[in-house]
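A.B. asks: 3D model of this:
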Amino acid sequence: FFFQAEDGIRDIGVTGVQTCALPIWSTHVDVTGDLRLEQPLTMLGVGSPTRFSVGGELYIGAAVTVMGEVHMNATTMTVTSTGSVVGTGGSHSSDGQGPSGSVPTDRYGAGSHGGAATKANSWSSDSHWGAIYGSTFHPTEVGAGATYATGGAALRVTAEVLELSGSITMNGESSSSGGGAAGGSVWLQAGLLRGGSGGIVSATGGTSSYTYAQYSWSTRYSASGGGGGRVALYCGSSEHASSWRGFAGLPELRVWGGGVHSSADPGKRGGSGTAYVECAGATRGLFLQGAETFDTERRLTELVDDGVSLYDFSHVGLYEGAVLAFSPTNLLTGTEVVVSVGSLLGTSDSDLIIATGVTLSLGATPSPNQIDATVNMWVRRSFDRRSLISTTSYAVNSVALTGTNICNNGMLQLSPHVYICGAEVV
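C.D. replies: You can find the predicted model right below:
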């Protein structure tokens, strides 16, 4: 571990304002004053997590590379528009590493994490490479690698004030020789969030640009894109200049799965990871995004939280072909999984699956502007006991379905007033 300053300080406990460069290998670093990172720096948490604590301001004005699991803790953490924290491909020191069952054994396969690395254009649980894993709410796992790629690293940030004008990127590594790796994890906790409009938090799956011929050179096949990772953002209040998915005060969050070669089957794109938000107006919000480049194929994302039988979301947004299902682990046999969603948002190519043993309760939607304004308004009269479907107004105790489909094999509970905007319940 080295701090590089004018007087050549090399110490674990550092006071005052210092400029840091070169690798950090220590598993526990304490800085009692301010720390300015204005030169490239690498933090190594492979094999043993690194905890990096700054008593004052942690100022990041250059590229800081993290590997493995790293926890940054500061009174104030600033990532400038020229600064970044990068953990792309930083999960392990070699390719093909990850939690048991998550790494493909086939060179054409890809890594899964929050989202599934899809074998084909299907969202059934037996059509993806490896196992989905990790926590929706407190993500700390690195992304699974592929045969020729490494997953994204895992970063946790705890700060009284987090100013994010640059980027935090824990993406899976892309590959030109096989499938893409899975995105890693980003867990942000701040009392106050602020920053410029360029702030980005990303844990996307790696892209595969590899194609191969089988039986005939006229038929091209491809390896799969990596599954998206996991992002969780918590803040007490926000003054951030950006907005995302219609919510002011949020930086852009990216958790889509990795893409594939332009000539390949788009159904092999990786499944969306998860973005969970308790910040600004998106209290208890869950968001999935199927792909950076839009297509109509659907890819699976299952919530597999350990021992969780009750999910309570104020908003669930499913976009660009995302498919959400609930399969929490380590529950007693016969335990019912109850999912409560205040407002269901998204696009009509996305699906919410209610499997056997799952009950979905859709609650009130408080904000009329969350209705899909592209849907034509029409009325079903009260005398034939049908409901009003509208894009402009609705009762206070009502449900709005805005585009996302519901595949119902379990139980669907609706409030007395239901407004359906381009959605389908099957």
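
A.B. asks: what's the burial count for Thr169?
C.D. replies: When neighbours are defined as other C-beta atoms under 10 Å, Thr169 has 25 of them. Where C-beta positions appear, they are placed from N, C-alpha and C, glycine not excepted.

A.B. asks: and the gap between it and Gly180?
C.D. replies: Thr169 sits 15 Å away from Gly180, going by C-beta to C-beta, to the nearest Å.

A.B. asks: contacting residues around Gly206?
C.D. replies: Gly206 sits next to 89, 110-111, 146, 149, 151, 171-175, 180-183, 225-226, 258, 270 when contact means C-beta atoms under 8 Å, 6 or more residues apart in numbering.

A.B. asks: where in the stretch 51-200 of the chain is pLDDT low?
C.D. replies: 100-102, 120-127 (pLDDT under 70).

A.B. asks: the longest strand seen in the chain packs against which elements?
C.D. replies: For the chain, the strand with the greatest residue count under DSSP state E is strand 41-60. If you count contacts as 3 or more C-beta pairs under 8 Å, 6 or more residues apart in numbering; DSSP states H and E, strand 41-60 packs onto strand 22-24, strand 28-31, strand 35-37, strand 63-79.

A.B. asks: redo the ones you listed as CSV? Include distance to Phe247 and mean neighbour count.
C.D. replies: Listed next are the helices and strands packed on strand 41-60 as CSV, based on distance: least, C-beta to C-beta, whole Å; neighbours: other C-beta atoms under 10 Å:
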stretch, distance to Phe247, mean neighbour count
strand 22-24, 35, 16
strand 28-31, 34, 18
strand 35-37, 30, 21
strand 63-79, 20, 22
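
A.B. asks: hang on, Thr301 packs against Gly270?
C.D. replies: No: if you go by C-beta atoms under 8 Å, Thr301 and Gly270 don't touch, sitting 9.9 Å apart.

A.B. asks: find residues that contact each of the two.
C.D. replies: In contact with both Thr301 and Gly270: Gly115, Ala116, Gly228, using C-beta under 8 Å, 6+ apart.

A.B. asks: which residue packs closest to Thr335, ignoring adjacent ones?
C.D. replies: Ranked by C-beta to C-beta, 6 or more residues apart in numbering and with sequence neighbours excluded, the top spatial neighbour of Thr335 is Ser309, at 5.3 Å.

A.B. asks: residues near that neighbour, how many?
C.D. replies: Look at Ser309: counted by other C-beta under 10 Å, it has 15 neighbours.

A.B. asks: how close does it get to Val323?
C.D. replies: 21 Å.

A.B. asks: please apply the same query to Val277.
C.D. replies: Taking C-beta to C-beta as the measure, Val277 falls 20 Å from Val323.

A.B. asks: contacts only, for the closest residue to Thr75 other than its chain neighbours.
C.D. replies: Nearest residue to Thr75 in three dimensions, chain neighbours excluded: Glu160, at 5.3 Å (C-beta to C-beta, 6+ apart). With contact set as C-beta under 8 Å, 6+ apart, Glu160 has these partners: Thr75, Thr76, Ala190, Gly191, Leu192.

A.B. asks: the residue nearest to Thr335 and Val337 touch, don't they?
C.D. replies: Yes: applying C-beta under 8 Å, one finds Ser309 in contact with Val337, separated by 5.4 Å.

A.B. asks: common neighbours of the two, please.
C.D. replies: Both Ser309 and Val337 are in contact with Pro328, Leu331, where contact means C-beta under 8 Å, 6+ apart.

A.B. asks: low pLDDT regions in the stretch 301-426 of the chain?
C.D. replies: Residue ranges of the stretch 301-426 of the chain with pLDDT under 70: 363-405, 407-411, 413-426.

A.B. asks: who is Thr76 paired with across the strands?
C.D. replies: Glu57, Val161 (DSSP bridges).

A.B. asks: ok, it - contacts?
C.D. replies: Counted by C-beta under 8 Å, 6+ apart, Thr76 has contacts Gly56, Glu57, Leu58, Ala159, Glu160, Val161, Leu162, Glu163.

A.B. asks: excluding chain neighbours, what is closest to the fourth one?
C.D. replies: The spatial neighbour of Ala159 that comes closest, neighbours along the chain excluded (C-beta to C-beta, 6+ apart), is Met77 at 4.2 Å.

A.B. asks: could you measure from the residue nearest to Thr78 when sequence neighbours are not counted over to Ser112?
C.D. replies: Leaving out its chain neighbours, the residue that sits closest to Thr78 by C-beta to C-beta, 6+ apart is Glu163, at 4.4 Å. Computed as C-beta to C-beta, the Glu163 to Ser112 distance reads 33 Å.

A.B. asks: so the residue nearest to Ala159 touches Ser53, yeah?
C.D. replies: No: using C-beta under 8 Å, Met77 is not in contact with Ser53; the gap is 11.2 Å.

A.B. asks: which residues do these two both contact?
C.D. replies: Residues touching both Met77 and Ser53 by C-beta under 8 Å, 6+ apart: none at all.

A.B. asks: picking up where we left off before, so between Thr301 and Gly270, which is more surrounded?
C.D. replies: Set Thr301 next to Gly270 and count neighbours by other C-beta under 10 Å: Gly270 wins out with 41 against 29.

A.B. asks: show me what contacts the more buried one?
C.D. replies: Each residue near Gly270 by C-beta under 8 Å, 6+ apart is listed here: 110, 112, 115-118, 180, 182, 205-206, 224-228, 256-259, 299.

A.B. asks: quickly list what it is bridged to.
C.D. replies: Applying DSSP bridges, one finds that Gly270 bridges with Ala117.

A.B. asks: and the gap between it and Ser224?
C.D. replies: Relative to Ser224, and taking C-beta to C-beta, Gly270 is found at 7 Å.

A.B. asks: which neighbours do the two share?
C.D. replies: Going by C-beta under 8 Å, 6+ apart, residues that sit against Gly270 and also against Ser224 are Ala110, Ala117, Thr118, Gly180, Gly258.

A.B. asks: circling back: now, the contacts of Gly270 that are in strands?
C.D. replies: Counted as lying in strands by DSSP E, out of the contacts of Gly270, are Ala117, Thr118, Arg299.

A.B. asks: what's around the first one, how many residues?
C.D. replies: In this case it means Ala117. Neighbourhood size, Ala117 [other C-beta under 10 Å]: 39.
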